[in-house]
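Enquirer: let's see this in three dimensions:
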Amino acid sequence: MNIIDILVPDLPESVTDAVVSNWRKKPGEYVKSGEILVDLETDKVVLEVPSPNSGKIIEIFQKNSSIVVSKQKIASLNINNYDQKKEENKIKEINFSQKEHNYECSENNKEKETKHADDINLSPSIRRSILKHNLNKNDINKNFDIKNNIENELNENNYLTKEKEKNENNIKDSSAYEKSSPRENRIKMTRLRKCIAERLLYSKNTTASLTTFNEVNMKSIHDLRKSYGDIFEKLHGIRLGYMSFFVLAVVKGLKKFPEIHAYIDGDDIVYNNYFDINIAISTERGLVTPILRNVDKMNMSEIEKRIKNLAFLGKNGKLKVEDLQCGSFTITNGGIFGSMMSTPIINPPQSAILGIHAIKDRVISINKKISINPMTYLALSYDHRLIDGKESASFLSNIKDMLENPIRMLLDI
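Expert: From the prediction side, this is the model:
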């Protein structure tokens, strides 16, 4: 046999180990070259390990939940005498045999259905009595006297009473089972959830976090999307959403208020000259914050496409470590879950995070006139060690002004 080892690939620079999350193949199964064998979970992403060759899995050395490191042996593969066409023919033969079996079963079921077609007009209790006394079903359907006699017999023998008692006993047994079932379930935290928990606690313990709020009238952006949304989608192949307006407003605000875009490093304050914005995305594994790189050089359609792509990668576990590293500011959108207001937690080493929320129609006063407008709340959490109240409030007001006057924002005036 020509056996090769399946090894853990090189892990990213900031990742020391990984957890075997899910083996997609079992010993004895044949795999093709490039087919995914196993998922390895790190504290940032899930790595998919493909098969280097076609062959048969001989043995798996690291089971699910095992901790592994780079270049560690996790399985062995026999690549000798692997005939892909032969294996495909075997699968076809199995499928054909299964189809024949299903066909025979369906034919038998049809015969049974035809055989019992005359039972439709008989109650279940009568059918049981017919089987018990070996009576003729056709005679029962035609002769109502016989039918009535059977019903009388059932009543005389207290059949219905017995059935009722049986059902009551089943209900009691079910209640007893529910009472004996465990009151809690205990499962291990995933690597990502554990990392999230540690980072949130670190943020709370190392920053002087404070949150300031403001509200925004989204009518101008709503009207803009209504007027030009269809044309935008036809030209660029993607829907014009609200998120690109928020991202663009944040970038312009960060340029105007550099303190919001800085961070503390020891005794130094570091000002970022690049604009890599983290966008919080909720996935089945937990919250991840992939990055829009160099947003200041993107237009609206590029921002929308990149956000859509990152959301797809995040929800399908395809994000890479480099998609999550070295952002300079974070935007989180609780509005997609209906949240009206929140106090987002700072993403260290960053010094601020913007929370946007659900857009709801509300009654407001504009120029002393009552009107109904789509409104939303903005929440800016910031590290008070670095950012003063004046800067935070001014930054948030600036974002409010740009969102309420999107033409000025787009024209940069």
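Enquirer: partner residues bridging the spatially closest residue to G314 that is not a sequence neighbour?
Expert: In this structure, G314 finds its nearest non-sequential neighbour in I281, 4.3 Å apart by CB to CB, 6 or more residues apart in numbering. Where you see a C-beta, it was placed from the backbone N, CA and C, and this is true even at glycine. Beta-bridge partners for I281, by DSSP bridges, are V288.
Enquirer: check contacts around I281.
Expert: Residues near I281 by CB atoms under 8 Å, 6 or more residues apart in numbering: L287, V288, T289, P290, L310, A311, G314, K315.
Enquirer: go on, S397?
Expert: N214.
Enquirer: quickly find the element holding it.
Expert: helix 389-404 (DSSP states H and E).
Enquirer: pull out the buried residues from whichever helix or strand comes after that helix.
Expert: The element immediately downstream of helix 389-404 (helix or strand, assigned by DSSP H and E) is helix 406-411. Residues of helix 406-411 classed as buried: P406, M409 (neighbour count, 16 or more other CB atoms under 10 Å).
Enquirer: so which elements touch helix 406-411?
Expert: helix 219-236, helix 243-256, helix 389-404 (3 or more CB pairs under 8 Å, 6 or more residues apart in numbering; DSSP states H and E).
Enquirer: closest to V45 out of the contacts of I281?
Expert: Distance to V45, by CB to CB, is smallest for V288 among the contacts of I281, at 8.1 Å.
Enquirer: look at that closest one and report its pLDDT.
Expert: pLDDT recorded at V288 is 85.
Enquirer: please apply the same query to K44.
Expert: K44 carries a pLDDT value of 72.
Enquirer: helix, strand, or coil at it?
Expert: Assigned with DSSP: H, G, I helix; E, B strand; the rest coil, K44 falls in the coil class.
Enquirer: so it touches E322, yeah?
Expert: No - between K44 and E322 there is no contact under CB atoms under 8 Å: 9.8 Å.
Enquirer: overlap in contacts of these two?
Expert: Common neighbours of K44 and E322, counting by CB under 8 Å, 6+ apart, are P12.
Enquirer: and the two? Which one has more around it.
Expert: K44 (20 against 14; other CB atoms under 10 Å).
Enquirer: got the contact list for the more buried one?
Expert: Contacts of K44 by CB under 8 Å, 6+ apart are P12, S14, V15, L192, C195, L319, V321, L324.
Enquirer: please redo it, this time with the cut-off set to 10 Å
Expert: Going by CB atoms under 10 Å, 6 or more residues apart in numbering, K44 touches 12, 14-15, 191-192, 195, 288, 319-325.
Enquirer: ok, now E29?
Expert: E29 makes contact with E35, L37, K56, I57, according to CB under 10 Å, 6+ apart.
Enquirer: same thing but at 8 Å, please
Expert: K56, I57.
Enquirer: likewise the one 10 residues further on?
Expert: If you count contacts by CB under 8 Å, 6+ apart, D39 has them with V20, S21, N22, R24, V46, L47, E48, V49, G317.
Enquirer: quick check, it in a helix?
Expert: No - counting by three-state DSSP, D39 falls outside a helix, being strand.
Enquirer: quick one: it from Y271, how far?
Expert: From D39 over to Y271 the distance is 40 Å, taken as CB to CB, to the nearest Å.
Enquirer: just A197 next, same as before
Expert: To Y271, A197 is 31 Å away according to CB to CB.
Enquirer: rewinding a little: which of the contacts of I281 lies closest to K234?
Expert: Closest approach to K234 among the contacts of I281 (CB to CB): A311, at 22.0 Å.
Enquirer: which SSE is the closest one in?
Expert: Going by DSSP H and E, A311 is in helix 300-315.
Enquirer: quick check: mean pLDDT across that helix?
Expert: 92.
Enquirer: over to stretch 344-357?
Expert: According to the model, stretch 344-357 has a mean pLDDT of 95.
Enquirer: report the buried residues of it.
Expert: 344-347, 349-357.
Enquirer: cool, and stretch 279-295?
Expert: Of all the residues in stretch 279-295, those buried under the rule 16+ other CB under 10 Å are 279-283, 285, 288-293, 295.
Enquirer: equivalent analysis for stretch 38-53, please.
Expert: 38-49, 51.
Enquirer: circling back to that earlier point, wait, which of the contacts of I281 is closest to H384?
Expert: Nearest to H384 among the contacts of I281, with distances taken as CB to CB, is T289, at 22.0 Å.
Enquirer: how close does that closest one sit to L319?
Expert: For T289, the distance to L319 equals 10 Å [CB to CB].
Enquirer: so what's the nearest residue to N272 once chain neighbours are set aside up against?
Expert: Sequence neighbours aside, S328 is the residue nearest to N272 in space, at 4.4 Å (criterion: CB to CB, 6+ apart). By CB under 8 Å, 6+ apart, the contact set of S328 is L254, H261, N272, Y274, F275, D276, I277, Q350.
Enquirer: of the residues you listed, which is the nearest to L201?
Expert: Looking across the contacts of S328 and measuring by CB to CB, the closest to L201 is Q350, at 16.3 Å.
Enquirer: how much space between the closest one and K32?
Expert: Taking CB to CB, one finds Q350 at 44 Å from K32.
Enquirer: A197 too?
Expert: 39 Å.
Enquirer: can you check P258 too?
Expert: 53 Å.
Enquirer: next one: I372
Expert: 59 Å.
Enquirer: and the two? which has more neighbours close in?
Expert: Higher neighbour count among I372 and K32: K32, with 13 against 10, using other CB under 10 Å.
Enquirer: low-confidence ranges, the stretch 151-300 of the chain, go.
Expert: Across the stretch 151-300 of the chain, the ranges flagged by pLDDT under 70 are 151-180.
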